[in-house]
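Student: heads up, no residue letters with this:
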């Protein structure tokens, strides 16, 4: 009962902060984090409280959880979530930094090749198709197995290539959003362009994260511009898309398993089989709870509860080594056998009983900091956000791209392992500093 009651003031604090952000009409890292926590933590937790349980994933050993039986772990989670929300709300009372003007004069980046957003789009498409082929997915393999095999067999070079593609993908989204804020492109153009890129990415990678990031960025742009009608229409349009994304984890199992060579007809047949499998799996039960679980990655809450209950007892407190990996990812494990492992992989191995399978499972930012620091993790989150935000302001030249990057970083870090985030952080900063938006000399940065 206490846990259910606690949800009410926690929601009030987060919604109050969100409303302040909306009134300011300026993207920021804290806004992204606020939105990400409400979307991927508070919404599934609220569904959990209402229906009393959350189904698991038997195929990957994620257990079902019960609201009453796991009450102690849920209370710890709510304390972490609530304390961060209070700290974030109090930060609104502090004076904010004025927008940083664009930097002028020669610097390190001036002598390097200059990119335009169109170059990022081309690199995005080239990278998606290339990885589609070299990982073996184009030959009819399972997307997750193909990716794991590619990274394990290719070692550090394969990891660098894969992370560079993810960085190009994210930099493309940031650059396109900045173009819209500077009225270089219309809303229709950006919707069409991002729709095409999302379709290519969904099919070639089998991963939904870029599509989710694109939808969140579009929604944020509409809020910043005060386009409430378009924002409402986008919300309605995401309902059928959300239903499709709920079934997508089952569809993608069949998506590339065609026979008789690559052809549109065989690919369409495979997609149809996946859709029918999803319908059979959900049956008449594809209702509001399943929809919410699908669009919020609600299974991460199951994993989060397992981490809070069992991780320290089984693997011990990481004391920051799970975060350290992001700075030493480039060191081959053949040279450093004891190199810290990605936390999401550690969680996967824990749930699979110590298996060496390359299964990674997210536990949200709260699971990450709990595994590293225990309950004091809630105090480390605002410190980390402050450091990352300051680093972005120092390292990204263009103020508009800096603002969009901070927002999408804040949103993405809610579900992304910190070590992966660090690698992505470095690559994206380099790409954005090489990118030019063709802004006029007397044009002010978008607010």
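Tutor: That came through, no problem. What you see is a predicted model; the values in this text were computed from it and never measured.

Student: can you pull the pLDDT of residue 103?
Tutor: What the model reports for residue 103 is a pLDDT of 56.

Student: just checking, residue 323 touches residue 419?
Tutor: Yes - counting by CB atoms under 8 Å, residue 419 is a contact partner of residue 323 at 6.4 Å. Yep, even glycine has a C-beta here, placed from its N, CA and C like the rest.

Student: so where's the stretch 151-300 of the chain shaky on pLDDT?
Tutor: 250, 253-254, 256-271, 274-275, 277-286 (pLDDT under 70).

Student: and if we set it to 50?
Tutor: Low-confidence segments of the stretch 151-300 of the chain (pLDDT under 50): 260.

Student: show the subsequent helix or strand relative to the top helix by length along the chain.
Tutor: Longest helix in the chain by number of residues, with DSSP state H as the criterion: helix 143-181. Next helix or strand after helix 143-181 toward the C-terminus (DSSP states H and E): helix 187-205.

Student: angle of that following helix against helix 143-181?
Tutor: 170 degrees (axes from the mean of the first three to the mean of the last three CA atoms, to 10 degrees).

Student: and helix 187-205, how far out from the chain's middle?
Tutor: Centre-to-centre, helix 187-205 and its host chain are 17 Å apart (CA atoms, centre = their mean, to the nearest Å).

Student: can you list contacts of the helix or strand that comes right after it?
Tutor: Next helix or strand after helix 187-205 toward the C-terminus (DSSP H and E): helix 209-225. Helix 209-225 has contacts (CB atoms under 8 Å, 6 or more residues apart in numbering) with 22, 25-27, 31-32, 35, 39, 169-170, 173, 177, 180-181, 190-191, 194, 197-198, 201-202, 228, 230-231, 234-235, 238, 241, 245, 404, 407-408, 411-412.

Student: show me which of these are buried.
Tutor: 27, 31-32, 35, 39, 169-170, 173, 177, 180-181, 190-191, 194, 197-198, 201-202, 230-231, 234, 245, 404, 407-408, 411-412 (16 or more other CB atoms under 10 Å).

Student: helices of the stretch 301-447 of the chain, start to end?
Tutor: 312-315, 321-328, 343-351, 364-373, 377-395, 399-412, 418-434 (DSSP state H, counting those that start in this stretch).

Student: and those helices, which one averages the lowest pLDDT?
Tutor: helix 321-328 - the lowest mean pLDDT of those, at a mean of 67.

Student: flag every buried residue along stretch 303-316.
Tutor: So for stretch 303-316, counting by 16+ other CB under 10 Å, buried means 303, 304, 305, 306, 307, 308, 309, 311, 315.

Student: from what I can see the first one touches residue 343, true?
Tutor: No - Residue 303 is beyond contact range of residue 343, at 10.8 Å (criterion: CB under 8 Å).

Student: what's the overlap in contacts for those two?
Tutor: What both residue 303 and residue 343 touch, as defined by CB under 8 Å, 6+ apart, is the set 363, 367.

Student: now for the nearest residue to residue 25 once chain neighbours are set aside, how many residues are close by?
Tutor: Nearest in space to residue 25, with sequence neighbours left out and distances taken as CB to CB, 6 or more residues apart in numbering, is residue 224 at 5.0 Å. Residue 224 has 23 neighbours, counted by other CB atoms under 10 Å.

Student: gap between residue 224 and residue 231?
Tutor: Taking CB to CB, to the nearest Å as the measure, residue 224 falls 10 Å from residue 231.

Student: just residue 16 next, same as before
Tutor: 20 Å.

Student: do the same with residue 201
Tutor: For residue 201 relative to residue 231 (CB to CB), the value is 24 Å.

Student: ditto for residue 21
Tutor: From residue 21 across to residue 231, the span is 14 Å (CB to CB).

Student: same deal with residue 369?
Tutor: Distance from residue 369 to residue 231, by CB to CB: 32 Å.

Student: what does residue 29 give?
Tutor: From residue 29 over to residue 231 (counting by CB to CB), the distance is 21 Å.

Student: which parts of the stretch 1-150 of the chain are strands?
Tutor: 53-54, 65-66 (DSSP state E, counting those that start in this stretch).

Student: shouldn't residue 180 be in contact with residue 190?
Tutor: Yes - contact criterion CB under 8 Å: residue 180 and residue 190 qualify, at 5.1 Å.
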